[in-house]
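J.: with the sequence up front, the predicted model follows.
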Amino acid sequence: MSDDWTADDVPAMDGEVVIVTGANSGIGYEAARVFADRGATVVMACRSVDRGERAAGEIRADVPDADLDVRECDLGDLSAVTDFANVFTDDYDELRVLCNNAGVMAIPRSETADGFETQFGVNHLGHFALTGHLLDALADTPGESRVVTQSSGVHERGTIDFEDLQHEKSYDKWAAYAQSKLANVLFGYELDDRLGEHGVDGVTSVVCHPGYADTNLQIRTGEASGSTLRLWAMKAANYVFAQPAEMGALPMLFAATSEEVIGGEYVGPVGLFDMRGHPGFQRSSEESYDQAVAERLWDVSEDLTGVAYDFG
């Protein structure tokens, strides 16, 4: 693999359909822009259609021929996730890449429309349900389709607390975030394993993380804390330490398009402390490879979301 893989290495994607959740800002925005520049039809799945349309306008200013389809998808509401998937499959026959990118980070405890702790509900359960609803579209696409799930290096601090998944007994915003990001990795690996076990050869699942990238995610975390000092500390850290969002999007773009990906990998920046630089293959935390934890989390996720995967 080249040590300097960039967005220029993303192949032509004319006629391909790609979904990017959270495409209105940060890494999702940058990935959507590159996919559109390569000729893909990009479905921008956003909680706010207004913000999505503004982002689409900015992309079109840079990529005049961009084929963008902004659609509402609130990952914190399972009925909205179902509606998004149903309308998508009514309008599109194929899906080449599903980028499970949207997320929230280290916010005060709140709950989704379905009563789940928000970070676990949005970051993991919403994407779990979305992928299950779209599995047929992925499998029916000729050639190879991919599911790319965005995690974080913070997953290494996470553990899956099956006795208090929703953090109702005690809540630490960073522990909850780490759990949700570990769930992303476990889900991505287990999905690839189950696809292989059931002979769904045309779909692969890959996990990635952006390193430390300068996005609005940190700013929203600072704002949600209610502390002006923390907000400015986040802004200062972004300015001093973070790499641009364009670089942070490279692992997801690599995971979505590189011919070196075969499924079940973990992709991230291979530079300083695995937080900066060009994308490459890495090893995730030890718990992320625990098969028993992955299988139990899968069963719990099906029960909580009501989405049972049909690999047939």
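T.: Nice, thanks for sending it over.

J.: list the contacts of the most centrally placed residue in the chain.
T.: Centroid-nearest residue in the chain, with C-alpha atoms, centre = their mean: N101, separated by 2.3 Å. When the contact criterion is C-beta atoms under 8 Å, 6 or more residues apart in numbering, the partners of N101 are V20, T21, G22, A23, I27, G28, A31, V148, Q150, M252. Just so you know, the C-beta spots here come from the backbone N, C-alpha and C atoms, and that holds for glycine as well.

J.: ok, A31 next?
T.: Here A31 is in contact with V20, A23, C99, N101, A249, M252, L253, A256 (C-beta under 8 Å, 6+ apart).

J.: so which of the contacts of N101 is the most crowded?
T.: When neighbours are counted by other C-beta atoms under 10 Å, A23 leads the contacts of N101 with 34 neighbours.

J.: could you pull up the mean pLDDT of the top helix by length along the chain?
T.: Ranked by number of residues, the top helix in the chain under DSSP state H is helix 173-197. Mean pLDDT, helix 173-197: 98.

J.: now do it: distance to the chain's middle.
T.: What separates the centre of helix 173-197 from the centre of its chain is 11 Å, taken as C-alpha atoms, centre = their mean, to the nearest Å.

J.: again, but for stretch 67-79
T.: 13 Å.

J.: list the buried residues for that stretch?
T.: D67, L68, D69, V70, R71, C73, D74, L75, G76, D77, L78 (16 or more other C-beta atoms under 10 Å).

J.: could you check the pLDDT of the third one?
T.: The per-residue pLDDT reported for D69 equals 98.

J.: residues contacting it?
T.: D69 neighbours (C-beta under 8 Å, 6+ apart): T41, V42, V43, M44.

J.: for the chain, what spans make up the strands?
T.: Remark: strands assigned in the chain by DSSP state E are 17-21, 41-46, 67-72, 97-100, 145-150, 203-208, 266-269, 279-281.

J.: nearest to L125, out of those strands?
T.: strand 97-100 (11.4 Å; C-beta to C-beta).

J.: neighbouring strands for the closest one, and are they parallel or not?
T.: strand 17-21 (parallel), strand 145-150 (parallel) (DSSP bridges).

J.: residues in contact with the last one?
T.: Under the criterion C-beta under 8 Å, 6+ apart, residues 27, 95-101, 103, 127, 131, 138-139, 184-185, 187-188, 191, 202-210, 252, 255-256, 261 lie in contact with strand 145-150.
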